[in-house]
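>>> Model the structure of this input:
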Amino acid sequence: MANEKGCDVSRWQGTIDWQQVKNSGEVSFVILRAGLGRSSSEIDPTFDTNYAGCQAAGLPVGAYWYSYATDAASAQAEAQTCLAAIRGKKLEYPVWFDQEYNPATKNMTVQQRTDVVKTFCNALEKAGYYTGLYCSRNWLTNDVDSSQLKAYDIWVASYTKTPGTVPLPYGMWQYSSTGRLPGIGSNVDLDIAYKDYPAIIRRAGLNQLG
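Presented below is the predicted three-dimensional model:
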């Protein structure tokens, strides 16, 4: 398997007709936002519903967690909240750590941001999940020390005709934030997966697929 097309969604896409998405044949996997931050009140309110809808429609899923962590302790707390949110769910795609341009994260040093990524991803790996970092190409180039993140998969965002020069190998590319799909009534992020994640994860016995 190579170049599988997918999408990623959160509460901002509203109610989704997953059977219609599946029937369109335009995507073959979905990455769901599980939540953000470190409070259980910030678990995405559509996560469970979207997971159930994808399961019923036969769409493989992964998850992502939007971070505000500013140090190892808060990254560890976010990891534990994420693990609580995904507990009991079989995920054929990775659980991604989403680091972006929110003020708290942007005010950190390169090393602090890098340490936060490692803390979260290490906690997920210890719990038996396949994980990695989601960020923009610019973020990976300038805002973390990519040389310290070679152990993790990368899902890179770059809304250009090609991903361009990326400092690390990447397994997924988010190529649009303005996609449209049958069954989803708003713009949606579109992605390409270059690895056969379901086979890799199932073979390793991770993400509760074993």
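
>>> Show residues contacting the strand or helix carrying residue 105.
Using DSSP states H and E, residue 105 falls within helix 103-106. Contacts to helix 103-106, defined as C-beta atoms under 8 Å, 6 or more residues apart in numbering, come from residues 67, 68, 69, 70, 99, 113, 116, 143. In short, each C-beta sits where N, CA and C put it, glycine included.

>>> Kindly report the same for stretch 181-188.
Applying C-beta under 8 Å, 6+ apart, the set of residues contacting stretch 181-188 is 7-9, 12-21, 23-24, 26-27, 177-180.

>>> Let's see which of the residues you listed end up in helices.
18, 19, 20, 21, 23, 24 (DSSP state H).

>>> and which of the contacts of helix 103-106 is nearest to residue 194?
For those, the residue nearest residue 194 by C-beta to C-beta is residue 99; the value is 20.8 Å.

>>> So the closest one sits against residue 114, correct?
No - counting by C-beta atoms under 8 Å, residue 99 does not reach residue 114; the two are 9.7 Å apart.

>>> Give me the local confidence score for residue 34.
Listed pLDDT for residue 34 reads 98.

>>> can you pull the contacts of it?
43, 44, 47, 63, 64, 65, 82, 85, 86, 95.

>>> Mind listing what's buried along the helix or strand bottoming out on mean pLDDT in the chain?
The helix or strand of the chain with the poorest confidence is helix 103-106; it has a mean of 92 (mean pLDDT, DSSP states H and E). The neighbour-count check on helix 103-106 (16 or more other C-beta atoms under 10 Å) flags residue 105 as buried.

>>> got the buried residues for the next helix or strand after it?
Later in the chain than helix 103-106, the nearest helix or strand by DSSP H and E is helix 110-126. Under the neighbour-count criterion of 16+ other C-beta under 10 Å, helix 110-126 has 112-125 buried.

>>> ok, so of those residues, who is nearest residue 91?
residue 124 (10.9 Å).

>>> distance of the closest one from residue 44?
17 Å (C-beta to C-beta, to the nearest Å).

>>> Likewise for residue 107?
25 Å.

>>> When the two are compared, which one has more neighbours?
Neighbours were counted for residue 107 and for residue 44 using other C-beta atoms under 10 Å; residue 44 has more, 22 against 10.

>>> In contact with the more buried one, which residues are there?
Taking C-beta under 8 Å, 6+ apart as the test, what residue 44 contacts is 10, 11, 32, 33, 34, 35, 36, 85.

>>> looking at those residues, which has the most residues close by?
Using other C-beta under 10 Å as the neighbour test, the contacts of residue 44 are led by residue 34, with 29 neighbours.

>>> Centre of the chain to the helix or strand harbouring that residue, how far?
Here residue 34 sits within strand 29-36, counting by DSSP H and E. The chain centre lies 6 Å from the centre of strand 29-36; the measure is C-alpha atoms, centre = their mean, to the nearest Å.
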